[in-house]
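J.: this one's structure only:
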């Protein structure tokens, strides 16, 4: 049997060693088995028990206006496009770099193509 140290050097861990580590019992000092604290248990102590509910979907909703086609099947006329940063990796970094913006799709990100003989919007 290989030692833990030799397994670590080789970059391998025994599956049984990992399983023993993950399945080790949680001690009482680490909290209750359901993971809640005494304060959380007190907060939900007076909540009603769960009751099964039945939901019914009604498809009788009608519109006073006729349906309107949004896509003419040829091009994106009548549509607006919006693109964020040229480098998507900075999207959630709080960058102050200017976005590409509304209706400035010079790279052709939004287009119409033919798929299976029918027009399709390509993004």
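T.: In hand now; what should we look at? Just so you know, these numbers come straight off a predicted model, no measurement behind them.
J.: for the protein, which residue is closest to the average position?
T.: What sits nearest the mean C-alpha location of the chain, by C-alpha atoms, centre = their mean, is residue 92, with 14.9 Å.
J.: does that one belong to a helix or a strand, and which?
T.: Under DSSP states H and E, no helix or strand contains residue 92.
J.: and it, what pLDDT?
T.: Residue 92 carries a pLDDT value of 85.
J.: could you check how far it is from residue 84?
T.: Look at residue 92 and residue 84: by C-beta to C-beta, to the nearest Å, they are 10 Å apart. In this view, the C-beta of every residue, glycine as well, is placed from N, C-alpha and C.
J.: tell me where this structure has strands.
T.: Residue ranges of the strands in the chain, as given by DSSP state E, are 82-83, 101-102, 111-115, 118-122.
J.: identify the residues contacting the last one?
T.: It stands for strand 118-122. Residues from elsewhere that reach strand 118-122, judged by C-beta atoms under 8 Å, 6 or more residues apart in numbering: 71, 73-74, 76, 110-114.
J.: switch the cut-off to 6 Å
T.: By C-beta atoms under 6 Å, 6 or more residues apart in numbering, the residues outside strand 118-122 that reach it are 73, 111-113.
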